[in-house]
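Colleague: I would like the atomic coordinates for the input below:
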Amino acid sequence: MRQIFLDTETTGLETRLGHRIIELACVEMVNRRLTRRHLHYYVNPDRDIDEGALAVHGISREFLADKPRFGEVANEFLDFIRGAELVIHNAAFDVGFLDYELNMLGLAPISTVCANVRDTLKMARELHPGKKNNLDALCDRYGVDNSKRSLHGALLDAEILADVYVAMTRGQESLIIDLAPQPGAQLEVAANRERRPAPVLRASDDELAEHARVLAAIQKESKGKCLWLPAEPPAQS
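Modeller: Below you'll find the predicted structure:
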């Protein structure tokens, strides 16, 4: 499975006001492992940057003056993401800006190039309803180091998002086992062979105590709906 973790920085919040992408970053992951392949551009927007956006990312128009336009990097970007699943935090925002830029170039929208778009903000809201689910909050929740994130930056944020995603989805890896024989190896047919009884490993007192602590935390978080604890008897009238 090939995934691309993507982030952008922009001149402002709304494409209908003519705001543009000024930074674009993509980080590649294959089978839940970062490949160290990435794509990163600063882009000249040919327009001013809102003060509010500048305060968030610190990228000035003067810095972008000698950078390429989006049209100059669009084909390389599309080739990099082609066929992959895009993983984006608050995907509607980034995809909206990407489609806006592509439309101005007469190109098809992102959905025609990538296999799928996964929104980690939506995932986080489903996992942690009623809580803060911005990237910094998720880093705190899952123990991901974001100490270098003093300002928003597309490449750093894409790398952090990859770590957060792996932490959020830990335990959901595919259980499919590849049974294809390796070169020189032989598969042993043992359908009729008597199976030895599997050893039973008893949990220690410390492990049982930790298990009880985790269940209590789940019970509190789910407001009494932990499936691994017996239901409380109804109150007597």
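Colleague: For L102, see how far away the nearest residue to H152 once chain neighbours are set aside is.
Modeller: Of all residues not flanking H152 in the chain, H57 sits nearest, at 4.6 Å (C-beta to C-beta, 6 or more residues apart in numbering). No exception for glycine: its C-beta is placed from N, CA and C like everyone else's. Computed as C-beta to C-beta, to the nearest Å, the H57 to L102 distance reads 22 Å.
Colleague: now E28
Modeller: 20 Å.
Colleague: Could you do K67 as well?
Modeller: For K67, the distance to L102 (C-beta to C-beta) stands at 18 Å.
Colleague: More neighbours: these two, which one.
Modeller: Neighbours were counted for K67 and for L102 using other C-beta atoms under 10 Å; L102 has more, 20 against 16.
Colleague: what sits against that one?
Modeller: 74, 108-110 (C-beta atoms under 8 Å, 6 or more residues apart in numbering).
Colleague: Show me which pair in the residues you listed is furthest apart.
Modeller: Greatest spatial distance among the contacts of L102 (C-beta to C-beta): A74 and P109, at 12.4 Å.
Colleague: Neighbour count: those two, which is higher?
Modeller: Ranked by neighbour count (other C-beta under 10 Å), A74 and P109 place A74 first, with 20 against 14.
Colleague: What strand or helix carries that one?
Modeller: Assigned by DSSP states H and E, A74 falls within helix 70-81.
Colleague: Go through that helix and flag the buried ones.
Modeller: Neighbour counts over helix 70-81 (16 or more other C-beta atoms under 10 Å) mark 70, 73-74, 77-78, 80-81 as buried.
Colleague: what's the next secondary structure element after that helix?
Modeller: Heading C-terminal from helix 70-81, the first helix or strand you meet, by DSSP H and E, is strand 85-88.
Colleague: From the rest of the structure, what touches that next one?
Modeller: The contact list for strand 85-88, computed with C-beta under 8 Å, 6+ apart, reads 1-7, 94-95, 110, 114-120, 161-162, 165.
Colleague: Strands of the protein, start to end?
Modeller: 2-10, 21-30, 33-42, 85-88, 116-119 (DSSP state E).
Colleague: how about G153, phi and psi?
Modeller: Main-chain torsions, G153, degrees, to the nearest 10: phi -150, psi 130.
Colleague: is it true that it touches H40?
Modeller: No - using C-beta atoms under 8 Å, G153 makes no contact with H40, being 9.6 Å away.
Colleague: Just give me the neighbour total for N116.
Modeller: Number of residues near N116 (other C-beta under 10 Å) recorded here: 10.
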